[in-house]
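Asker: Got a sequence here, can you model it:
(2 chains)
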Amino acid sequence: AQKVTQAQTEISVVEKEDVTLDCVYETRDTTYYLFWYKQPPSGELVFLIRRNSFDEQNEISGRYSWNFQKSTSSFNFTITASQVVDSAVYFCALSESASSGTYKYIFGTGTRLKVLA
Amino acid sequence: DSGVTQTPKHLITATGQRVTLRCSPRSGDLSVYWYQQSLDQGLQFLIQYYNGEERAKGNILERFSAQQFPDLHSELNLSSLELGDSALYFCASSVGGRNHNEQFFGPGTRLTVL
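Answerer: Model prediction:
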């Protein structure tokens, strides 16, 4: 069965610390997509990154970086030099093709990150 | 601002009632998605429409239905409401209908069923 696990319910760090948010997924598909979304206190989800199952290259975007490892079914997200504005709930999501030919979108339960000044 | 609009922002109703949530996608986007976010269920994908046709179906209850109109706006109809339907309902949109498209989320409609 398809599943996305974000074992860290809540993380608190002090500003400027680095923090890694874990995401582990389960799927039987060979073709799938992984996403990270941010939900700030305002409530609106914001897309951060997409990665397809054939591209294991790590990605860096400013202070954000993502480590995709198919061998461990993980797609972890690291924030370097965290800032108070990074405080939000972060969701990892999996999208794959269902046997019926349609798609499935599965979200993890989210990790609440609190960055303290 | 993602460009996706949802109305109303808040909705309070009673059990057994029926409500309609509305979503307008970003200009140029053909896909609309509906999600439910509640404390106990987390973020659940309900349904996706692409250019007026249903494209994907998630954990949508039979009491719920959706449609996408020719102008691409979408409505989510919730009927025979129960207390457990109280949640934040998000709409998202994307350019294409494939599962790799990045989705742009609206601000959500908070539904409270009393």
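Asker: okay, residue 28: pLDDT?
Answerer: Unless you meant another one, I'm taking chain A. Note for A:Arg28: predicted pLDDT of 87.
Asker: my bad, chain B
Answerer: 93.
Asker: Next: A:Ala98.
Answerer: 65.
Asker: Can you get me the centre-to-centre distance for the lengthiest strand in chain A and its chain?
Answerer: In chain A, taking DSSP state E as the definition, the longest strand is strand A:88-97. Computed by CA atoms, centre = their mean, to the nearest Å, the separation of strand A:88-97 from the middle of its chain amounts to 6 Å.
Asker: Same question for stretch B:97-114.
Answerer: Distance of stretch B:97-114 from the chain centroid (CA atoms, centre = their mean) equals 5 Å.
Asker: What's the end-to-end length of that stretch?
Answerer: 36 Å (CA to CA, to the nearest Å).
Asker: Buried residues of that stretch, list them for me.
Answerer: The neighbour-count check on stretch B:97-114 (16 or more other CB atoms under 10 Å in any protein chain shown) flags B:97, B:99, B:101, B:103-111, B:113 as buried. No exception for glycine: its C-beta is placed from N, CA and C like everyone else's.
Asker: Just those: which are in strands?
Answerer: Those of these mapping onto strands are B:104-105, B:109-111, B:113, per DSSP E.
Asker: I'd like to know which of those residues is nearest to A:Val4.
Answerer: Proximity of these to A:Val4 (CB to CB) peaks at B:Phe105, which lies at 17.5 Å.
Asker: okay, the closest residue to that closest one other than its chain neighbours: pLDDT?
Answerer: With sequence-adjacent residues excluded and distances taken as CB to CB, 6 or more residues apart in numbering or on different chains, B:Phe105 is closest to A:Leu45, at 4.0 Å. A:Leu45 carries a pLDDT value of 93.
Asker: in terms of contact, does A:Leu45 touch B:Phe90 like I think?
Answerer: Yes - taking contacts as CB atoms under 8 Å, A:Leu45 lies within contact range of B:Phe90: 6.7 Å.
Asker: which residues do the two both contact?
Answerer: By CB atoms under 8 Å, 6 or more residues apart in numbering or on different chains, A:Leu45 and B:Phe90 have these common neighbours: B:Phe105.
Asker: got the buried residues for stretch A:66-81?
Answerer: The neighbour-count check on stretch A:66-81 (16+ other CB under 10 Å) flags A:66-68, A:73-79 as buried.
Asker: So what touches that stretch?
Answerer: With contacts defined as CB under 8 Å, 6+ apart, stretch A:66-81 is touched by A:16-27, A:34, A:36, A:48-49, A:51, A:53, A:55-60, A:63-65, A:86, A:90, A:92, A:113.
Asker: Ok, stretch B:82-92 next?
Answerer: The contact list for stretch B:82-92 (CB under 8 Å, 6+ apart) reads A:43, A:45, B:4, B:6, B:15, B:21, B:23, B:25, B:32-38, B:41, B:43, B:74, B:76, B:78, B:103-106, B:108-114.
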